[in-house]
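**Student:** have a look; sequence and predicted model below, questions after that.
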Amino acid sequence: MSAPIIIPTSTSFEVGPSSIAAYSRLSYSMWYALAEFVDNSTQSRLNYSSIIDGVLAAEGTTLQVKINHDRENKTITIEDNSIGMTVEDLIAALKIAVATQDSKGRSKYGMGMKTSACWIGRLWSVTTCEWSSGKEWTATIDVEGVVNGKTDIPLTSRDVGTDEHYTKIKIWDVHRNIQKRTEETIKTYLGSMYRFDLREKKLILLFNGNPILPPDELEMAKLENGQEARQDFSTTIGGKQVTGWFGVLTKGGRKYGGFSLFQNSRQIKGYPDGWKPRSIFGGEDDEGGNSLVSQRLTGEIVLDGFDVTHTKDAIYFKDDEEEELEIFLAEKTRALKSYASSMRKSGGQPTPWAKAKVEELTREMKKEFVSDEIKDAINTTILPPLDSIEKSNQRQAQTIEKDEILDTWQIGDLTIQLVLQNKTENDPHLTIVGINPNQLDIIINQQHPYYAETSSLERVDELIRQYIYDGIAEYYVKQKTARIDPDSIRKLKDQLLRSKLTRMHNENVKSQEEELSKITKTPPQPQS
């Protein structure tokens with residue numbers, strides 16, 4: 001007789017070790033990944049401030065976090081002089097998403113160190129010594145080994161002095177080697193994230209031995225009564241308290257505008273990439289429009305009671321919390337937003353075109369244009385025959401894919417097609433080609449090294465704008481004179497640039513007449 005069939009009434013939900021392989025695909029940026037380690041160091045000091053603050057004071061220092069990147073050997077190390085961990089603490093810290101007594105504040109989820117280390121590299125270790133213990137412990141994690149079921153993590157120890165206290169994380173075989181140009185971006189973001197700790201001298205943060213500094217304190221504009229264009233606020237959103245301030249800057253820029261969102265005195269999102277809700281700043285996808293409001297309206301918002309995303313780069317709003325906050329801010333900032341819109345770009349300060357400012361710019365430019373690299377480019381570049389270049393341009397235009405077309409414009413009888421291609425870094429930065437007497441293609445190669453260095457949306461805006469002016473001027477000069485004449489191209493481009501100011505003037509006149517008509521009931525006069 002066969003055994004009776006037992007029907008299960010429950011099962012368990014388990015996460016296998018191979019899940020950590022997915023950490024390398026998380027939507028991290030390097031600065032947010034590195035911030036996870038700084039969070040742990042600063043939170044450790046807060047958790048044990050009654051002990052470690054006295055120890056650091058006796059040593060004549062403060063909390064230090066040192067980040068070092070060895071590009072040649074593909075390693076990253078993060079080292080602090082906080083209180084350190086016992087072996088029990090270390091074992092607990094290696095358990096993913098398991099809360100410990102230290103899981104609070106900036107480290108409340110108990111996942112940051114593990115997820116960011118696995119995101120950065122394939123092999124990593126933690127070496128730590130708790131103050132007064134006299135014992136150093138090291139755990140080494142082979143990510144691929146864990147994925148393949150080797151979940152036993154070896155622990156080694158050695159005796160050290162009882163006055164030692166530190167935690168050092170080393171990551172080998174990194175997935176993402178930090179390029180030189182990225183290092184400044186990392187320092188900018190980390191300086192902004194920990195601005196309060198850095199300004200209050202609670203933290204010294206070093207990258208490859210160089211200090212990371214908080215962002216400069218920016219000057220607020222003055223209202224007509226002489227007071228700062230700045231306002232504090234406090235409200236409740238979704239049952240949680242929200243506090244902060246907003247104001248208008250004397251001098252602005254896209255990276256300075258927008259709100260910086262904070263939790264536990266640590267920036268979640270903000271300078272140089274502030275939160276710009278469309279209902280306040282315009283534009284698309286919370287990037288803000290290219291306006292004075294987007295460049296000068298700024299502020300800091302404290303959201304301590306809210307959840308954050310896994311990578312701690314955004315507030316995780318629930319239900320209608322985000323919409324409720326946006327409505328509140330849109331109403332509260334209405335007056336200052338109007339004031340920002342009315343400001344002139346110079347803000348009463350010397351304009352960017354003042355002679356001293358331009359001289360300063362050209363002094364920096366000189367290094368670039370008199371460099372040996374420029375001379376080599378001029379002397380060694382071999383120009384192919386003109387007909388060969390034109391045939392190459394035509395072939396490139398014939399390879400344009402539909403999803404590479406940014407937009408198509410009609411200017412009189414001329415059709416302009418704007419194209420953004422992902423060519424190689426060795427392909428031309430720009431191709432302007434007349435397809436026929438009625439079509440002009442302007443093709444930009446976004447992989448060209450010059451563009452790879454461009455991180456400012458304002459810079460991208462101006463580059464594309466100038467390419468379009470150049471393309472139209474070259475095209476119409478060739479149509480009118482049957483040849484490319486540089487002086488004629490510059491003359492026509494001059495008129496095109498002036499047309500922008502004429503359009504802005506006409507729009508202002510029209511707007512003023514419409515406002516006047518609302519008062520006088522007189523319909524606006526048509527433009528001649």
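**Tutor:** Received, thanks.
**Student:** with adjacent residues omitted, what lies nearest to residue 219?
**Tutor:** Using CB to CB, 6 or more residues apart in numbering and skipping residues adjacent in sequence, the residue nearest residue 219 is residue 250, 4.4 Å away. C-beta coordinates here come from the backbone N, C-alpha and C atoms, glycine included.
**Student:** where's that neighbour relative to residue 223, distance?
**Tutor:** According to CB to CB, to the nearest Å, residue 250 and residue 223 sit 12 Å apart.
**Student:** cool, residue 67 as well?
**Tutor:** According to CB to CB, residue 67 and residue 223 sit 42 Å apart.
**Student:** do residue 372 as well
**Tutor:** With the distance defined as CB to CB, residue 372 ends up 52 Å from residue 223.
**Student:** those two: which is more packed in?
**Tutor:** Set side by side, residue 372 and residue 223 show more neighbours around residue 223, with 14 against 7, by other CB atoms under 10 Å.
**Student:** check the nearest residue to the more buried one once chain neighbours are set aside and give its pLDDT.
**Tutor:** Leaving aside its chain neighbours, residue 223 sits nearest to residue 229 (5.4 Å; criterion: CB to CB, 6+ apart). The per-residue pLDDT reported for residue 229 equals 92.
**Student:** I figured residue 229 hits residue 247, correct?
**Tutor:** Yes: between residue 229 and residue 247 a contact is recorded at 5.4 Å, counting by CB atoms under 8 Å.
**Student:** who touches both of the two?
**Tutor:** Counting by CB atoms under 8 Å, 6 or more residues apart in numbering, the contacts common to residue 229 and residue 247 are 220-221, 336.
**Student:** most surrounded residue in those?
**Tutor:** With neighbours set by other CB under 10 Å, the maximum within the shared contacts of residue 229 and residue 247 is found at residue 336, which has 22 neighbours.
**Student:** and that residue, what does it touch?
**Tutor:** 229, 231, 246-248, 297.
**Student:** distance of it from residue 281?
**Tutor:** Using CB to CB, which is the criterion applied here, residue 336 is 13 Å from residue 281.
**Student:** list residues touching both of these two?
**Tutor:** By the contact definition CB under 8 Å, 6+ apart, residue 336 and residue 281 are jointly contacted by residue 297.
**Student:** can you pull out the low-pLDDT segments for the stretch 1-150 of the chain?
**Tutor:** When the per-residue scores of the stretch 1-150 of the chain are filtered using pLDDT under 70, the ranges that remain are 1-2, 10-22, 24-25, 97-104, 109-110.
**Student:** helices of that one, start to end?
**Tutor:** 30-47, 49-58, 87-93, 112-120, 143-147 (DSSP state H, counting those that start in this stretch).
**Student:** hang on, the earlier thing: need the contact list for the residue nearest to residue 223.
**Tutor:** In this structure, residue 229 makes contact with 220-223, 247-248, 336, 339-340, judged by CB under 8 Å, 6+ apart.
**Student:** just the ones of the residues you listed in strands?
**Tutor:** Members of the contacts of residue 229 lying in strands (criterion: DSSP state E): 247-248.
**Student:** between the contacts of residue 336, which is nearest residue 268?
**Tutor:** Taking CB to CB as the measure, residue 268 sits nearest to residue 246 out of those, at 16.9 Å.
**Student:** wait, the closest one sits on residue 297?
**Tutor:** Yes: taking CB under 8 Å as the contact criterion, residue 246 and residue 297 are neighbours in contact, 6.8 Å apart.
**Student:** okay, and the common contacts of these two?
**Tutor:** With contacts defined as CB under 8 Å, 6+ apart, the residues shared by residue 246 and residue 297 are 333, 336.
**Student:** more neighbours: these two, which one.
**Tutor:** The residue with more neighbours, out of residue 246 and residue 297, is residue 297; 29 against 21, by other CB under 10 Å.
**Student:** check the gap between the nearest residue to residue 297 once chain neighbours are set aside and residue 214 for me.
**Tutor:** Spatial nearest neighbour of residue 297, chain neighbours left out: residue 340 (5.1 Å); criterion: CB to CB, 6+ apart. Applying CB to CB, the value for residue 340 to residue 214 is 24 Å.
**Student:** and what of residue 426?
**Tutor:** As for residue 426, its distance to residue 214 is 40 Å (criterion: CB to CB).
**Student:** of those two, who's got more company?
**Tutor:** residue 214 (19 against 9).
**Student:** pLDDT weak spots in the stretch 351-500 of the chain?
**Tutor:** Low-confidence regions of the stretch 351-500 of the chain, defined here as pLDDT under 70, cover residues 351-357, 452-453, 455, 482-483, 500.
**Student:** all helices of it, in order?
**Tutor:** Counting by DSSP H, counting those that start in this stretch, the stretch 351-500 of the chain has these helices, from start to end: 355-369, 372-380, 386-398, 449-452, 457-481, 486-520.
**Student:** to residue 186, which of those helices lies closest?
**Tutor:** Evaluated over the helices of the stretch 351-500 of the chain, closeness to residue 186 peaks at helix 449-452, with 16.4 Å, by CB to CB.
**Student:** chain center to the closest one, what's the gap?
**Tutor:** Using CA atoms, centre = their mean, to the nearest Å, we find the averaged C-alpha position of helix 449-452 to lie 17 Å away from the chain's own average C-alpha position.
**Student:** coming back round to it: please identify the deepest-packed of the helices of the stretch 351-500 of the chain.
**Tutor:** Here the criterion is mean neighbour count by mean count of other CB atoms under 10 Å, and of the helices of the stretch 351-500 of the chain the winner is helix 457-481, at a mean of 16.
**Student:** same for it, what does it pack against?
**Tutor:** Using 3 or more CB pairs under 8 Å, 6 or more residues apart in numbering; DSSP states H and E as the contact criterion, the secondary-structure elements in contact with helix 457-481 are strand 414-421, strand 430-436, strand 439-445, helix 486-520.
**Student:** same thing but at 6 Å, please
**Tutor:** strand 430-436, strand 439-445, helix 486-520 (3 or more CB pairs under 6 Å, 6 or more residues apart in numbering; DSSP states H and E).
**Student:** got the angle for that helix vs strand 430-436?
**Tutor:** Regarding helix 457-481 and strand 430-436, their directions subtend 40 degrees when assessed with axes from the mean of the first three to the mean of the last three CA atoms, to 10 degrees.
**Student:** contacts for helix 457-481?
**Tutor:** Counting by CB atoms under 6 Å, 6 or more residues apart in numbering, the neighbours of helix 457-481 from elsewhere in the structure are 254, 430, 432, 434, 440, 442, 454, 484, 488-489, 492-493, 496.
**Student:** run the chain-centre distance for that helix.
**Tutor:** A distance of 29 Å separates the C-alpha centroid of helix 457-481 from that of its chain, computed with CA atoms, centre = their mean.
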